[in-house]
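Visitor: sharing a sequence plus its predicted fold:
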Amino acid sequence: MTDSLLIPIIMTIVGAATPILLAALGELVAEKSGVLNLGVEGMMLIGAVTGFAVTATTGYAPLGVVAAMIAAAASAGLFGFLTLTLTANQVATGLALTIFGIGLSALAGENYVGQTVDVFGSAFPAALSEHPVLRVIFGYSPLVYVSLLLVAAVSWFLRKTRGGLILRAVGESDLSAHSIGYSVIGVRYMAVLFGGAMAGIAGCFYSLVLTPMWAEQLTAGRGWIALALVVFAGWRPMRLLLGAYLFGAVMTLELHAKAAGFSLVAPEFLAAMPYLATIAVLAIISARKGGKSLAPACLGKPFKPSS
């Protein structure tokens, strides 16, 4: 009886945490390079509608995932052109990207509202993926395992490789990195494109795995939680993993409380729990650090090389 209750809860937590983890991981890399992209929500929606449309048309979910990555990366490239090449304000441009993504996804997905596709489910044999106990390990979409591998890969890249050192140097002191011959703009473009691709995968996780259908604003503001999660994790990939699953647990608690008919508090309060938890965590971190920031020194600042 305990297993029959616990395993679905664990699987729900993993499902809720994975898209937030993917989106936050991409944003972490972008911010490590010194770029603040507040357009995560918009890129996720672009990825969600693109992945769903391609999957519905071709019947092949992996192709939908690739298409979602490309579409979201393209929107990130537009953001990069405006902020890195034209030095537009990163905050304003990121907010504009979110609004653009919401509108574009609603328009592009108009003909797909109410349609469904087959769930992009486990690649393991049914004997493992549908086993009453073993499904807690083998019963997930391949994107779940990819997200865990990406966390390890990004952590290794940032800490152990020359490329990761260059990216961190660009984020901490862009003028110093430029003075020794590194292409600050080039590094930041690559980081922004990676962040867009990760947001695309996160978005299509909603439309292909969690709710294999399309509806407007399907991501329901989860991109903002991903942004907050980067700060919560102190710009560290492994802490990002823990934070994502913590937020996934909060969202799962909300769902199970509603399903159980928990009536001591209003349903609206239960729906707001993940966002209230986000605000609380950010407030606690801010108070604990006494105003000292762990953010990259050049975060959000346009690069203007001295002549």
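Guide: That came in fine, so what should we check first?
Visitor: next up, phi/psi of Thr116, please.
Guide: Phi and psi for Thr116, reported as degrees, to the nearest 10, are phi -130, psi 160.
Visitor: residues contacting it?
Guide: Contact partners of Thr116, counting by Cβ atoms under 8 Å, 6 or more residues apart in numbering, are 212-213. Glycine gets a C-beta too; all of them are placed from N, C-alpha and C.
Visitor: list the beta-bridge partners for it.
Guide: Met213 (DSSP bridges).
Visitor: check the gap between it and Gln217 for me.
Guide: According to Cβ to Cβ, to the nearest Å, Thr116 and Gln217 sit 18 Å apart.
Visitor: now do the helices in the stretch 51-200 of the chain.
Guide: Under the criterion DSSP state H, counting those that start in this stretch, helices of the stretch 51-200 of the chain are mapped to 61-80, 90-108, 126-129, 135-138, 142-160, 162-172, 174-179, 184-205.
Visitor: okay, the ones you listed in JSON lines with mean neighbour count next?
Guide: What follows is the helices of the stretch 51-200 of the chain, written out as JSON lines (neighbours: other Cβ atoms under 10 Å):
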{"stretch": "helix 61-80", "mean neighbour count": "23"}
{"stretch": "helix 90-108", "mean neighbour count": "18"}
{"stretch": "helix 126-129", "mean neighbour count": "12"}
{"stretch": "helix 135-138", "mean neighbour count": "16"}
{"stretch": "helix 142-160", "mean neighbour count": "16"}
{"stretch": "helix 162-172", "mean neighbour count": "18"}
{"stretch": "helix 174-179", "mean neighbour count": "16"}
{"stretch": "helix 184-205", "mean neighbour count": "26"}
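Visitor: rank those by pLDDT, which is bottom?
Guide: For these, the weakest mean pLDDT is recorded on helix 126-129, namely a mean of 88.
Visitor: thought Tyr245 was touching Ile13?
Guide: Yes - the criterion here is Cβ atoms under 8 Å, and Tyr245 meets it with Ile13 at 6.3 Å.
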